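> Dropping the sequence and predicted coords here.
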Amino acid sequence: GLEPPGVGWHVALEHHGSADPAVFREAMKRLELPAEIVEAITAELLQQSPAELVFKKRENTSFKAEWGKIPWSAERTRPPTANEAWEEVVRAGHRQLFHTLGLPASTAVVDLGAGAMHRAWEQMLQLDPVARETEAQAEGM
């Protein structure tokens, strides 16, 4: 059969990660970055797509590259890495989502992987005769 090439494929930039500018700024504030540095990084990574978002990766730069330009002060013994900083952006996004949904900040997010919920539903149906009967009625059996 016909196989796609094994090299030369690129993931769309938005799939590398993005955040609402307010969420991004909140995360950077939690990392105690000066406002002028936050605004400089935001300006480099901001893009309309279709909403205004701060992208982790752009055509000519990336969050990691911009993070590497920060002139850390001598009293900051161990500044966070770019990966640690982006993890804070993700946590800030989770906090915003939880707040929007009315969930407590301590809510845990568990990624079960593709198809896990479908498998769990199938297992519940196998164990629960009432649910099996309900599903059979819904399917018109």
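Great, that's in hand. Numbers count the residues shown, from 1 in each chain.
> C-alpha only now, for contacts and for neighbours.
Fine.
> residue closest to the middle of this protein?
Val90 (5.0 Å; Cα atoms, centre = their mean).
> wait, what's in contact with that residue?
Ala19 (Cα atoms under 8 Å, 6 or more residues apart in numbering).
> measure it to Glu59 for me?
21 Å (Cα to Cα, to the nearest Å).
> Same check on Ile41?
15 Å.
> likewise Arg30?
27 Å.
> Among those two, which residue is more densely surrounded?
Arg30 (12 against 7; other Cα atoms under 10 Å).
> Need the pLDDT of the more buried one.
As predicted, Arg30 sits at a pLDDT of 95.
> Surely Trp67 touches Ala82?
Yes: Trp67 lies in contact with Ala82 (Cα atoms under 8 Å); the separation is 5.9 Å.
> what about these two, which has more around it?
Trp67 (18 against 15).
> average pLDDT across the helix or strand hosting the more buried one?
For Trp67, the element it lies in under DSSP states H and E is helix 63-68. Per-residue pLDDT over helix 63-68 has a mean of 96.
> where's Pro80 relative to Glu52, distance?
Look at Pro80 and Glu52: by Cα to Cα, they are 26 Å apart.
> Point out where this structure drops to low pLDDT.
Within the chain, the stretches with pLDDT under 70 are 1, 4, 111, 113-141.
> For it, give the helix that spans the most residues.
helix 82-101 (DSSP state H).
> Pull out the buried positions in that helix.
85-86, 88-90, 92-96, 98 (16 or more other Cα atoms under 10 Å).
> Stretch 40-49 too?
Buried residues in stretch 40-49, counting neighbours by 16+ other Cα under 10 Å, are found at 41-42, 44-47.
> Tell me how far that stretch lies from the chain's centre.
On the basis of Cα atoms, centre = their mean, to the nearest Å, stretch 40-49 sits 17 Å off its chain's mean C-alpha point.
> ok, residues contacting that stretch?
Applying Cα under 8 Å, 6+ apart, the contact partners of stretch 40-49 are 21, 24-25, 52-58, 61-63, 66-67.
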